[in-house]
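K.L.:
build me a structure from this.
(2 chains)
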Amino acid sequence: DQQVKQNSPSLSVQEGRISILNCDYTNSMFDYFLWYKKYPAEGPTFLISISSIKDKNEDGRFTVFLNKSAKHLSLHIVPSQPGDSAVYFCAASGQMNYGGSQGNLIFGKGTKLSVKP
Amino acid sequence: KAGVTQTPRYLIKTRGQQVTLSCSPISGHRSVSWYQQTPGQGLQFLFEYFSETQRNKGNFPGRFSGRQFSNSRSEMNVSTLELGDSALYLCASSLAVSGAVQETQYFGPGTRLLVL
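P.N.:
Residues are numbered from 1 along each chain as shown, chains lettered A, B, ... in the order given. Prediction:
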């Protein structure tokens, strides 16, 4: 039972255009969402996060949108660059793990982004 | 500030053996979590340690265990290795500031384990 789903295993975008990566979740107790970028044979690199009390968070070329009613979040990369080519993971956590702090992240299966020059 | 470090980076073992992986968190980080990444299952949570105590655990068999030392460094042990344990094992650390409910986890480069 996948609580965090990234339905597109891959995405190809032209350099300079917008990349939109999508993520859906099923557990309404999730209250913190993160995006990680991962290159082969490396650990995930944190990109951007959003709390459930917000609907948008922006950091440079990266913007994450959260639609709680639809249980959907998306990562926008504008403009896309060839160096952005990697696997992007959506992750979620919530207070239901224990106490009042996150204990673990639930990850989606990832979307492989290819940005073509 | 140095990032999360993991040793060794690569390891080859045979079925039935045991293995110990090490993780040093970012300085000042008190929480260490371990994850397993495989092509079929993706990234899955193993367990989390804080102040030398395991405070959260994923759905893995008892062959997978860990511990945390007073300096926040952590080790993960897998006993009686099986072929299916071949994976990238990732360690992540976070500040775990008291009262914080949302914290970012920062990952190390991982240890690639191959079981033959």
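K.L.:
quick one: neighbours of the closest residue in space to A:Lys54 that isn't next to it in sequence, just the number.
P.N.:
Once flanking residues are discounted, A:Lys54 sits nearest to A:Leu66: 6.6 Å by C-beta to C-beta, 6 or more residues apart in numbering or on different chains. All C-beta atoms are positioned from the backbone trio N, CA, C, and that covers glycine. Using other C-beta atoms under 10 Å in any protein chain shown, A:Leu66 has 20 neighbouring residues.
K.L.:
phi, psi for A:Leu66 please.
P.N.:
Backbone torsions for A:Leu66, taken as degrees, to the nearest 10, come to phi -120, psi 130.
K.L.:
so it makes contact with A:Phe33?
P.N.:
Yes - here A:Leu66 reaches A:Phe33: they are 6.4 Å apart, a contact under C-beta atoms under 8 Å.
K.L.:
residues contacting the closest residue to B:Gly28 other than its chain neighbours?
P.N.:
In space, and not counting its chain neighbours, B:Gly28 is closest to B:Leu95: 6.8 Å by C-beta to C-beta, 6+ apart. By C-beta atoms under 8 Å, 6 or more residues apart in numbering or on different chains, the residues touching B:Leu95 are B:Gly28, B:His29, B:Arg30, B:Ser31, B:Glu103.
K.L.:
now with 10 Å?
P.N.:
Going by C-beta atoms under 10 Å, 6 or more residues apart in numbering or on different chains, B:Leu95 touches B:Pro25, B:Ile26, B:Gly28, B:His29, B:Arg30, B:Ser31, B:Glu103, B:Thr104, B:Gln105, B:Tyr106.
K.L.:
check which helix or strand covers the closest residue in space to the fourth one that isn't next to it in sequence.
P.N.:
Which is B:His29. Leaving aside its sequence neighbours, B:His29 sits nearest to B:Ser93 (C-beta to C-beta, 6+ apart; 3.8 Å). Assigned by DSSP states H and E, B:Ser93 falls within strand B:87-94.
K.L.:
name the strands paired with that strand and say parallel or antiparallel.
P.N.:
Strand B:87-94 has its sheet partners listed here by DSSP bridges as strand B:31-38 (antiparallel), strand B:106-107 (antiparallel), strand B:111-115 (antiparallel).
K.L.:
shaky segments in chain B?
P.N.:
Scanning chain B for pLDDT under 70 picks out B:1, B:97-102.
K.L.:
for the residue nearest to the spatial centre of it, give me its contacts.
P.N.:
Nearest to the mean C-alpha position of chain B, by C-alpha atoms, centre = their mean, lies B:Trp34 at 2.8 Å. If you count contacts by C-beta under 10 Å, 6+ apart, B:Trp34 has them with A:104, B:6, B:21, B:23, B:44-49, B:58, B:60, B:64, B:66, B:74-76, B:89-92.
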